[in-house]
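Engineer: Have a look at this fold, sequence not included:
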């Protein structure tokens with residue numbers, strides 16, 4: 001059995017992360033799959049006293065993709081009951097099929113987060129807690145690196161992000177390793193359930209976890225995990241810097257903004273580095289909530305090049321979007337839905 005001191009260290013690190021990320025919060029909603037990571041997070045929250053005063057809720061989403069998924073839901077329900085924490089169970093809409101669409105993993109994740117948002121609103125929780133660890137971070141960064149990504153992607157999983165204007169997801173275990181989770185549960189005499197799909201090679205993440213990472217550790221760099229975590233940290237810092245610079249540039253360039261179109265003054269953009277112009281364009285797409293899934297680096301480069309294109313030109317982008325360079329009534333970079341026609345007064 002692991003030394004009892006490890007229990008205190010684990011819990012204090014969770015508490016420290018929460019104090020830094022959450023500051024004050026009345027109700028926490030803990031997403032618990034039943035796996036060791038999420039079970040350890042729930043136990044740490046209970047032992048830190050958050051279950052008192054109805055400040056803690058447990059949410060489990062049964063994706064119904066495995067025959068034994070109902071057993072996992074029952075395991076989490078009994079665990080919550082044992083520690084007197086209210087339990088909330090979700091399942092997919094009977095009319096939907098998570099297996100339809102290009103990505104089962106994405107469909108399952110989207111359904112799970114919709115459920116978490118619904119429950120958080122019902123119980124008045126301002127924070128959802130998930131149990132992502134440093135090992136998840138390593139796998140995510142490597143996955144994105146192999147697939148192709150930019151600075152934001154290399155930054156990996158954020159410790160905190162907004163799900164809605166009133167709800168944030170926090171990951172207080174992101175600095176903890178999977179081995180620490182196992183030691184913590186062993187010290188408490190607790191366990192989590194094993195999800196057989198976590199070894200299914202059909203999923204890229206599983207091949208990275210069980211094949212690629214072990215190969216990198218044994219053949220290339222035994223400390224590759226630390227290298228990838230350091231890369232994620234540096235990428236996060238750099239991406240945040242570019243984000244701040246891009247916000248300043250965007251404020252200078254704004255001219256017209258509606259739900260269907262955006263026009264930016266060329267002047268401020270023309271004097272900026274190309275990487276900042278691309279960041280401004282990416283930020284415009286995000287702030288407009290326009291679909292950006294198929295707009296990658298090459299498309300952003302092409303749009304940014306319009307800033308220096310004379311005579312005017314236009315580019316059709318995926319998802320029904322269009323980027324245009326216009327010179328009247330003044331030099332403008334315009335992004336719009338292709339069905340939109342904008343008339344500017346001279």
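Structural biologist: Everything's here; your move. Not measured: the values here are computed from a predicted model.
Engineer: ranges for the strands of the stretch 1-150 of the chain?
Structural biologist: Ranges of strands within the stretch 1-150 of the chain are 28-31, 56-61, 87-90, 127-129, based on DSSP state E, counting those that start in this stretch.
Engineer: Let me know which of these is the nearest to residue 43.
Structural biologist: Between residue 43 and the strands of the stretch 1-150 of the chain, the tightest spacing by C-beta to C-beta is seen for strand 28-31, at 10.1 Å. Every C-beta, even on glycine, is put in place using the N, C-alpha and C of the backbone.
Engineer: Run me through the strand neighbours of that closest one, direction for each.
Structural biologist: In the sheet, strand 28-31 lines up against strand 56-61 (parallel), strand 127-129 (parallel) (DSSP bridges).
Engineer: where does the residue positioned nearest the centre of the chain land in three-state SS?
Structural biologist: When C-alpha atoms, centre = their mean is applied to the chain, the residue found nearest the centroid is residue 157 (5.5 Å). Recorded secondary structure, residue 157: coil (DSSP: H, G, I helix; E, B strand; the rest coil).
Engineer: Please verify my assumption that it contacts residue 135.
Structural biologist: No. Residue 157 is beyond contact range of residue 135, at 10.9 Å (criterion: C-beta atoms under 8 Å).
Engineer: still on that earlier bit, will you turn the strands of the stretch 1-150 of the chain into CSV that also has distance to residue 325, mean pLDDT and mean neighbour count?
Structural biologist: Shown next, in CSV, are those (distance: least, C-beta to C-beta, whole Å; pLDDT from 0 to 100; neighbours: other C-beta atoms under 10 Å):
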stretch, distance to residue 325, mean pLDDT, mean neighbour count
strand 28-31, 46, 97, 24
strand 56-61, 46, 97, 24
strand 87-90, 47, 96, 17
strand 127-129, 43, 97, 25
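Engineer: Among the ones you listed, which comes closest to residue 200?
Structural biologist: strand 56-61 (18.9 Å).
Engineer: So what's the gap between the closest one and the chain middle?
Structural biologist: Relative to the chain's own centre, strand 56-61 is displaced by 19 Å; criterion: C-alpha atoms, centre = their mean, to the nearest Å.
Engineer: and the residue nearest to the centre of the chain, how far is that from residue 109?
Structural biologist: Plainly put, residue 157 is 12 Å away from residue 109 if you go by C-beta to C-beta, to the nearest Å.
Engineer: just residue 309 next, same as before
Structural biologist: Distance from residue 309 to residue 109, by C-beta to C-beta: 39 Å.
Engineer: number of nearby residues for residue 33?
Structural biologist: 23 (other C-beta atoms under 10 Å).
Engineer: Ok, residue 165 next?
Structural biologist: The burial count for residue 165: 6, using other C-beta under 10 Å.
Engineer: how about the helices in the protein?
Structural biologist: 4-21, 36-47, 69-82, 104-123, 134-147, 151-154, 178-188, 204-207, 213-215, 224-253, 266-270, 274-287, 297-305 (DSSP state H).
Engineer: Which positions within stretch 126-145 qualify as buried?
Structural biologist: Of all the residues in stretch 126-145, those buried under the rule 16 or more other C-beta atoms under 10 Å are 127-144.
Engineer: Ends of it, what's the gap?
Structural biologist: 33 Å (C-alpha to C-alpha, to the nearest Å).
Engineer: Residue 236 touches residue 159, doesn't it?
Structural biologist: No. When contacts are counted by C-beta under 8 Å, residue 236 is not listed as touching residue 159 (9.3 Å).
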